[in-house]
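Enquirer: Structure for the following, please:
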Amino acid sequence: MPHLSPMSWLLAIFTFWIIMMLFTSNIWWTNLHTFETGALKTSGNNHTPWSWS
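Expert: As a prediction, the model looks like this:
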């Protein structure tokens with residue numbers, strides 16, 4: 001097993017953390033977007049809750 005310096009360990013952990021944060025944020029935003037559109041579609045009324053008229 002090759003020996004890795006502490007700097008390479010930190011760089012590997014940092015890159016892995018950045019990639020995981022990007023993937024989780026992308027999944028979270030897509031789930032939030034589908035939840036909002038699904039809630040608006042299933043509400044049944046054609047008017048938005050903030051009707052300014």
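Enquirer: So Leu4: helix, strand or coil?
Expert: coil (DSSP: H, G, I helix; E, B strand; the rest coil).
Enquirer: how about it, what does it touch?
Expert: Neighbouring residues of Leu4 by Cβ atoms under 8 Å, 6 or more residues apart in numbering: Ala12. Heads up, the C-betas are built off the backbone N, CA and C, glycines and all.
Enquirer: Quick check: the gap between it and Leu10.
Expert: 10 Å (Cβ to Cβ, to the nearest Å).
Enquirer: Over to Asn26?
Expert: Taken as Cβ to Cβ, the span from Asn26 to Leu10 is 25 Å.
Enquirer: Next: Trp17.
Expert: For Trp17, the distance to Leu10 - Cβ to Cβ - is 10 Å.
Enquirer: neighbours of Ser8, just the number please.
Expert: By other Cβ atoms under 10 Å, 11 other residues sit near Ser8.
Enquirer: Thanks again, I'm all set now.
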